[in-house]
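Chemist: Here is a sequence together with a model predicted from it:
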Amino acid sequence: MAPALALAATAADAQTRHNSNAPIDFGADHIELQDKANRAILSGSVSVKQAEMTLNSARMTVSYTGQVIDGSPQVSRLDASGNVVVTRPDQSARGQFAIYDLNRRVITMLGAVTLVQAGNTVNGGRLTINLDTGRAVIDGSSVGGSRPGPDGSTTTAPGGRVTGRFSVPKRN
């Protein structure tokens, strides 16, 4: 079993759930609508915003149910690839791929994942964020890969391990 680490949200964060029923606003350089397949393909500097969460990537497939309510298709899933960044008020995460399952209200990120929350940084292979509870779990198993870190170094999850750094408050 791969090592796992759960980052607990603060009490205030745990009380604030993500509104997965909020409208989804998007921007991209290109969109291809595939109505018979019930999906849209967004590409080129894709940015999706829902409530206080933003998801950016190079490419994204938006899957919808085929039902249209108030003139809008009912989105069920977002599949993002290429420099994926998910930003929420209390955390940000980076990886190669992400799946946002709107029905389950869960985001799964894969491939050289980095999660930053309250000054703590954790690296791994796969990250799962439950948008109802705010619980984030990282393990070392996933798609292999590396990505450049903020200081120019390479961030990886060697040998399927979770790595990171926790900040320590100054004590008197």
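Modeler: Here it is on my side, so go on.

Chemist: contacts, neighbours, all on C-alpha from now
Modeler: Fine.

Chemist: Next, the buried residues of stretch 52-59.
Modeler: Using 16 or more other CA atoms under 10 Å as the test for burial, stretch 52-59 gives 53, 54, 55, 56, 57, 58, 59.

Chemist: So which of the residues you listed are in helices?
Modeler: Applying DSSP state H to these, no entry is found in helices.

Chemist: Just list whatever residues bridge to the residue positioned nearest the centre of the chain.
Modeler: Nearest to the geometric centre of the chain sits residue 86, at 4.3 Å (CA atoms, centre = their mean). Beta bridges link residue 86 to residue 55, residue 93, judged by DSSP bridges.

Chemist: And residue 136, by the same measure?
Modeler: With DSSP bridges as the rule, residue 136 is bridged to residue 7, residue 129.

Chemist: burial of it, as a residue count?
Modeler: 21 (other CA atoms under 10 Å).

Chemist: wouldn't it be in contact with residue 127 here?
Modeler: Yes. Contact status for residue 136 versus residue 127: in contact at 6.9 Å, counting by CA atoms under 8 Å.

Chemist: what do those two both touch?
Modeler: Between them, residue 136 and residue 127 share no contacting residue under CA atoms under 8 Å, 6 or more residues apart in numbering.

Chemist: so who does the residue nearest to the centre of the chain touch?
Modeler: Residue 86 is in contact with 53, 54, 55, 56, 92, 93, 94, counting by CA under 8 Å, 6+ apart.

Chemist: which residues of the protein fall in strands?
Modeler: Secondary structure of the chain (DSSP state E): strands at 4-7, 24-27, 30-34, 39-50, 53-69, 72-88, 91-101, 106-117, 120-130, 136-139, 147-148, 154-155, 163-165.

Chemist: quick one: contacts for residue 119?
Modeler: Applying CA under 8 Å, 6+ apart, the residues near residue 119 are 166, 167.

Chemist: Redo the strands of the chain as CSV? Include distance to residue 171.
Modeler: Converted to CSV, those look like this (distance: least, CA to CA, whole Å):
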stretch, distance to residue 171
strand 4-7, 22
strand 24-27, 43
strand 30-34, 52
strand 39-50, 39
strand 53-69, 34
strand 72-88, 29
strand 91-101, 25
strand 106-117, 21
strand 120-130, 17
strand 136-139, 27
strand 147-148, 33
strand 154-155, 30
strand 163-165, 18
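
Chemist: Since that was my last question, I'll sign off now.
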